[in-house]
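Undergrad: sequence below, structure please.
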Amino acid sequence: MYTNTPADPSFLLGESIGGQFKRNEVSMKKQDNNWIGAFLIVLVLAFVPLIVSAKKYSVGLSDQLWFSSADTSYDFFLYWKSQALLLLCGILSLYAALKMTISKKDMMASVDNRYLIPLGVYFLMSLLSALLSQHKRMAVWGGYEQWEGMLTLGAYVVILFFSCCLILGRTEIRIVMYGLLAGVFILSLLGARQFLGHDFFRTAAGKAVMNFMNDEKLNFTFNFAPGRVYATLYNPNYVGSYVALMLPVILSMVSFRKRIVAVLRSVLAAATAVFLVMMLFGSESVTGFIGLGAVLVLFTILMITNIKKHPQIFASVAVVGILAVTGAVFYNKSIFEYGYNKIMNPTPNHFVVKSMVSREGALEVCTAEDDLLRLAVDVKDGAYTYEAEDGKGSPVEAAQDGEGTVKFLDKRFEKILIQETSVEAEGEKQAAFVVNTPSVGKSYTVVVETASSQNGLNQKNYQIYNPFKKLDGLREIQAVGFEDKMHFASRRGYIWSRTFPLLPKHLLLGSGPNTFVYEFPNDDYVGMKNVGYDGSTVTKPHNMFMQIFVQTGLLSLLAFLALYGFYFAECMRLYWRRTKYGWLERFGTGLCLGTFGYLVTGLANDSTVAVAPLYWCLLGVGIAVNRRVAKEEDCFE
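TA: Reported below is the predicted structural model:
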């Protein structure tokens, strides 16, 4: 049986005569060269992330009451990435079909069923959720702020599958490794320049690139302040995911061999790693730092045997690392304080009214202290009358001044004022009133409607006048958790509290890829105003695992996790307690660490076509590298 402790340290590096002979013996058994397939995979890894260009499209949400009446928008960072990915996957599929036809070999035979089964389940459940979705167009093609429909998810599956099938030998692995290094170097250089205040996309040339695929040349402005890094990835949060994924992989390419190719590769990889770190600091992504922290923990576990054998070396590295981190934290103290406070000391809730529901002819106003005020308002010939009681049915006294303002004398509701007004909605002027809470600077405009119930009696109904000048109902919004910490992790507490109740609905099948925007209660106007989301549309849960759960179902999430679980178990078998590493083993370890870091960032970031294709592709390459490492180990039995 092969052991991880050969007598000659150069044996696994392929530098001894015997070792080289064994390597050559393995090479003689390898299948046909797939350098074309490897090159196509490099395009996914290196070219797709760099694509930035404007696309004008129909949003398709203007018919929703919680969305603007504007039906068109522009995308700069996601649409053309998704289209390029689909094109490359089509070319890859054609190439693979021709290769199988000519060679008469079954590509699937090279992929273990441990990976094929969960991959197939994930694809099948994603397909079913799209075909059965109530929003098929969005579910299949993707759309607003995501562009991650069924076709894109299918492309992820295809790119992982062909990465496993086509990366068979060391030549293909080298092509992928060097192509990846080149692509990450270019992207990280753009990001590092943004960090230093030299944003390429703010120049004339950069704006020309962003207008390249658009007929109408736009003169756009940037939401991010100079120095904030978004690179080509749309959002600084995604920069954190990208760095957590790529930094371990890039560092695995650094070696101390003296061959000119190895030296050049190591220098380029080291420079790229520095640029990636600059990107992370410039993005201010706390999630990215957490992801890298998790990578460091896993790296320590994998290296435990080496740490025990060479404590001086690792101690020196640790001291240098601690000093570097300490210096970085001191230099960027404000960033780390901001990140720490977002998680440990989030902004406290700052509202008086927690919710409003129109029910049984009354407007039920729930306060932050969970006191319930039932308010009935009637308007006849411009005159307003009010009746109020608490949750137990006891009358609540109120006083009305001559200017149409009602004040409640009960201490539980003394911070709430009711003010008469009118609004222009649905083409006519309508009577309304404002639930005003001046102590926290928040107000909510409600329209009074008289509707006939089924028994013929008139029933009062109350609708909110939303930021888009539309009338919408006031229904009960379900929420679970984070009641006192809505601002946790940049308001993720609020989003997660509204997402948790959605999960039981999708135990079998999801709502469809890219359809979270329909599932999330974007009509929670009171809750959204309370956390500063007034006028915004929530399109994603800021958690990749809940995103998969809601959109494609629990079974697809379990398949997604099982796929990585099998890969991670194989990595632990191959690299845990290993004492000798060649470039192939180092690269395999880097892929394991990077994909692990990406999943950790997925706890607070979403899957996006800006970064997700890289994860799926590198996971496929990692499976292929592990297969190669295991095969070469078998030759040493």
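
Undergrad: in a strand, Ala376, correct?
TA: Yes - counting by DSSP: H, G, I helix; E, B strand; the rest coil, Ala376 is located in a strand.

Undergrad: rounded mean pLDDT for the helix or strand Ala244 falls within, please.
TA: Assigned by DSSP states H and E, Ala244 falls within helix 236-251. Averaged over helix 236-251, pLDDT sits at 97.

Undergrad: and the helix or strand that it is followed by, what other elements does it pack with?
TA: With elements assigned by DSSP H and E, the helix or strand that comes after helix 236-251 is helix 260-283. Packed against helix 260-283 by the contact rule (3 or more CB pairs under 8 Å, 6 or more residues apart in numbering; DSSP states H and E) you find helix 170-195, helix 236-251, helix 286-302. Any C-beta I mention is one placed from the backbone N, CA and C, and that applies to glycine too.

Undergrad: what sits up against the following helix or strand past the first one?
TA: Put plainly, it is helix 170-195. Using DSSP H and E, the helix or strand that follows helix 170-195 in sequence is helix 204-210. Defining contact as CB atoms under 8 Å, 6 or more residues apart in numbering, one finds that helix 204-210 is touched by Val52, Ser53, Ala54, Phe76, Asp199, Phe200, Phe201, Leu218, Asn219, Phe220.

Undergrad: what's the local residue count around the spatially closest residue to the third one that is not a sequence neighbour?
TA: On the basis of CB to CB, 6 or more residues apart in numbering, the spatially nearest residue to Ala54 that is not a chain neighbour turns out to be Asn214, at 3.8 Å. A count of nearby residues for Asn214, using other CB atoms under 10 Å, gives 14.

Undergrad: assumed Asn214 was part of a helix.
TA: No - Asn214: not assigned to a helix; according to three-state DSSP it is coil.

Undergrad: distance of it from Gly206?
TA: Distance, Asn214 to Gly206, using CB to CB, to the nearest Å: 14 Å.

Undergrad: okay, the helices and strands packed on helix 260-283, which one's buried deepest?
TA: Across the helices and strands packed on helix 260-283, averaging neighbours per residue (mean count of other CB atoms under 10 Å) puts helix 236-251 on top, at a mean of 28.

Undergrad: what's the angle from that one to helix 170-195?
TA: 140 degrees (axes from the mean of the first three to the mean of the last three CA atoms, to 10 degrees).

Undergrad: hmm, back to that, the helices and strands packed on helix 260-283: which one's closest to Leu561?
TA: Proximity to Leu561 (CB to CB) singles out helix 286-302 among the helices and strands packed on helix 260-283, at 16.0 Å.

Undergrad: hmm, who's touching the closest one?
TA: With CB under 8 Å, 6+ apart, helix 286-302 has contacts from 237, 239-241, 243-244, 247-248, 280, 307, 339, 342-343, 489, 572, 575-576, 578, 589, 592-594, 596-598, 600-601, 603-605.

Undergrad: tell me the first helix or strand C-terminal of the worst-scoring helix or strand of the chain on mean pLDDT.
TA: The weakest-scoring helix or strand in the chain, judged by mean pLDDT, DSSP states H and E, is helix 17-28 (a mean of 42). Sequence order places helix 35-42 as the next helix or strand after helix 17-28, per DSSP H and E.

Undergrad: please enumerate the strands of the stretch 351-500 of the chain.
TA: Under the criterion DSSP state E, counting those that start in this stretch, the stretch 351-500 of the chain contains strands at 353-359, 362-367, 372-380, 383-390, 398-400, 405-408, 417-425, 428-437, 442-452, 458-465, 471-473.

Undergrad: Lys81: which of the ones you listed is closest?
TA: Comparing the strands of the stretch 351-500 of the chain by CB to CB, strand 471-473 comes nearest, at 33.9 Å.

Undergrad: any chance you could list what contacts the closest one?
TA: Residues from elsewhere that reach strand 471-473 (CB under 8 Å, 6+ apart): 65-66, 358, 425-426, 430, 447, 463-466, 523, 525.

Undergrad: buried residues in it?
TA: Within strand 471-473, the residues scored as buried using 16 or more other CB atoms under 10 Å are Leu471, Asp472.

Undergrad: picking up where we left off before, tabulate the helices and strands packed on helix 260-283 (TSV), appending distance to Val157.
TA: Below are the helices and strands packed on helix 260-283 laid out as TSV (distance: least, CB to CB, whole Å):
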stretch	distance to Val157
helix 170-195	19
helix 236-251	18
helix 286-302	24
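
Undergrad: where among these is the average confidence lowest?
TA: Ranked by mean pLDDT, the helices and strands packed on helix 260-283 end with helix 286-302 at the bottom, a mean of 93.
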